[in-house]
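Colleague: sharing a sequence plus its predicted fold:
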Amino acid sequence: MAKHTFQTEVNQLLDLMIHSLYSNKEIFLRELISNASDALDKLQYLTLTDDKLKNLDFTPKIDISFESEKNILTISDSGIGMNEQDLIENLGTIAKSGTKNFLSKLSGDKKKDSALIGQFGVGFYSAFMVASKIIVTTKKAGETQAYAWISDGSGEFEIEKCEKESHGSEIKLYLKEDEKEFTSRWRIEEIVKKYSDHIPFPIFLHYTETKSEGEGENKKEIIEQKNEQINKASALWRISKKDLKDEEYKEFYKNLSYDSTEPLSWIHTKVEGTLEYTTLFYIPQTAPFDLYRVDYKSGVKLYVKRVFITDDDKELLPSYLRFVRGIIDSEDLPLNVSREILQQNRILATIKSASTKKILSEIESLQKDEEKYTKFYKEFGRCIKEGVYSDFENKEKLLEFLRFQSTKSEGKEIAFKTYKERMSEGQKAIYYLQGEDLELLKNSPLLDAFNKKGFEVLLFGEEIDGIVMPMVQEFDKTPLRSITSKEALEDLGEENIEEATKEKFKPLLEKFSKTLGEEVKEVRLSARLIDAPSVIVSDPDDPNSAMMKMMRQMGAMGMGAEIPEPKPILELNPNHAILTKLLDAESQRQEEVAHLLLEEAKLLEGGKLKDVKAFVKRLNALLQNSL
């Protein structure tokens, strides 16, 4: 018998489980049945595609039995089974990356935390909520040696060789004293029908029934062994929509996604014709924990003629729709289709394109319910922006889904369509200002001239906006323009500065340029400033600026990626009193103010000062001289 210690993260998880993290403990049975169904899926596929297992005696089923007197509940399956290494990897560690990140997100709110654990796919450990000891007896299909995994959830587990007649796994739960309800035939049947009715394999409940026969002195009790199927065992996605209730869709989603919350929406489609396939897609209420990880797990399962093929193919839907959970079941793909074939398969490409349009159509319909759509966009808006960048075919549709705050939206997010409907008379474009801090954008001096004209400006405040939105040239035939662009200034009719003014400020600009040196790319006068003396803008043609935004979005900054920091352009307001007084100031004072105006502009844009001490020193000197 070999003793093993649980991975640190598993110990943390077990501690949460044992102290009743789930608000309703009955979910443990759903989790164990779901795992058994996965094991059956895997073996069913192998018996059709692996020559070594094609002649295997395989009858897919799940069996549940209980011993009320001993307080024992047993769940077994005839699936793929596990060997010793599988037991260590599957029941001793959490293989999924991001575990520590996941554990750090736990809030103490049982309902929210149970949803996280469900999404993480570690439902096996939920059995320790009701069991003081668990024994897993298992034999891998095609192998001869069986193993027993034993643990009380206190930090260690044991694995020993044992005997088992057939392949598959048996999980024996030694229930805690106050969990006797789970050795009741009616309670088990209630839970299975509630959560697992549409598991596509039969679930049999084994129980004893006592009957009386005869009368009077001849009366005797007969104990009968019963074996009854307690679920429909029908692939829900193959049932006609008209025969399904909303509750059935919702419960199937919870089984499919390991999410304890209800889906926001779903799309069930059956296609017949040149191609035959069925799809069932769900849009979750909350984002999966790994949504923005490079190693995210696909949420879509592929079946061929109801036989499970894979749940690990990220090509089934575009990557920006990775939040979608669901099933694709094709009648036309071969059962032994390989991953390489899948990536180049025309049938699958057709299904992918049609499915994408169906999902986008459902998202479009969500917009009719403002509360629902607000919830959706909060969770998945960034993914939609990725789609604008990557899905040229559906770009126009995706643009309709985007929402942004603006100078007139009073904290609410609005669509491009809404912006267009309230454009000012004579306005030539949709104007926007891009940055990385929404509050700073709202107070940017660059907005002054547009506010004066009454032109609304959209505020693009996410990092991804800096990558995606410069690619968007127009919406519904109306051009999009950054308010820092030359074209936007021309629209204002204030792009030109009189030659006399340029000549008057020429010496001062030269002084600023020489003083600031490598800190700036250029110093120039601005026609766009009203109240502020200075502002910094980025050069749209600077490749370093675009590259830095891209690297930040990808999370590569701080990982050894070295990109030269883009130099800003400093713009000065020739109408501001500070600048007009500087024209006659002494050289040293001009140098001091040059630094201060650059540093002030950086602070307004949310930038950090490299030399705070020097900034404070200059500011104090200026204050002292003014008193």
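Modeller: Cool, got the structure.
Colleague: center of this structure, which residue is that?
Modeller: Taking C-alpha atoms, centre = their mean, the centroid of the chain lies closest to residue 291, which sits 2.5 Å from it.
Colleague: surely residue 326 and residue 279 touch.
Modeller: Yes - using C-beta atoms under 8 Å, residue 326 makes contact with residue 279 at a distance of 6.6 Å. In short, each C-beta sits where N, CA and C put it, glycine included.
Colleague: for the residue nearest to the centre of the chain, give its distance to residue 462.
Modeller: Separation of residue 291 from residue 462 (C-beta to C-beta, to the nearest Å): 15 Å.
Colleague: helix/strand/coil for residue 596?
Modeller: Under DSSP: H, G, I helix; E, B strand; the rest coil, residue 596 falls in the helix class.
Colleague: which residue sits closest to it, ignoring its sequence neighbours?
Modeller: residue 618 (5.6 Å; C-beta to C-beta, 6 or more residues apart in numbering).
Colleague: same question for residue 462.
Modeller: Nearest to residue 462 is residue 382, by C-beta to C-beta, 6+ apart, at 6.8 Å.
Colleague: okay, and the one you found sits in which element?
Modeller: Applying DSSP states H and E as the criterion places residue 382 in helix 370-390.
Colleague: may I have the following helix or strand past that helix exported as CSV, CA atoms only?
Modeller: Using DSSP H and E, the next helix or strand after helix 370-390 towards the C-terminus is helix 395-401. Extracted in CSV, the C-alpha atoms of helix 395-401 (Å, rounded to 0.1, in the frame of the first residue of the first chain):
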residue,chain,number,x,y,z
LYS,A,395,-17.1,42.6,-38.1
GLU,A,396,-20.1,44.9,-38.9
LYS,A,397,-22.5,42.8,-36.7
LEU,A,398,-20.0,42.8,-33.8
LEU,A,399,-19.6,46.6,-34.0
GLU,A,400,-23.3,46.9,-33.2
PHE,A,401,-22.7,45.0,-29.9
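Colleague: pLDDT on helix 395-401, on average?
Modeller: Average pLDDT, helix 395-401: 96.
Colleague: residues in contact with that helix?
Modeller: Residues from elsewhere that reach helix 395-401 (C-beta atoms under 8 Å, 6 or more residues apart in numbering): 360, 363-364, 367, 377, 384, 387-388, 391, 415-417, 472, 475.
Colleague: just put those residues in CSV and tack on pLDDT and distance to residue 580.
Modeller: Formatted as CSV, the contacts of helix 395-401 follow (pLDDT from 0 to 100; distance: C-beta to C-beta, whole Å):
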residue, pLDDT, distance to residue 580
360, 98, 55
363, 97, 54
364, 97, 54
367, 96, 51
377, 97, 47
384, 97, 48
387, 96, 50
388, 95, 45
391, 95, 52
415, 96, 43
416, 96, 41
417, 96, 44
472, 93, 39
475, 96, 41
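Colleague: check which helices and strands the helix or strand harbouring residue 468 sits against.
Modeller: Element membership for residue 468 (DSSP H and E) is helix 463-468. Packing partners of helix 463-468 (3 or more C-beta pairs under 8 Å, 6 or more residues apart in numbering; DSSP states H and E): helix 370-390, helix 543-554.
Colleague: for the residue nearest to residue 596, the count of nearby residues, please.
Modeller: 18 (other C-beta atoms under 10 Å).
Colleague: cool, residue 215 as well?
Modeller: Look at residue 215: counted by other C-beta under 10 Å, it has 7 neighbours.
Colleague: ok, residue 452 next?
Modeller: So residue 452, with other C-beta under 10 Å, has 12 neighbours.
Colleague: contact partners for it?
Modeller: Residue 452 sits in contact with residue 530, where contact means C-beta under 8 Å, 6+ apart.
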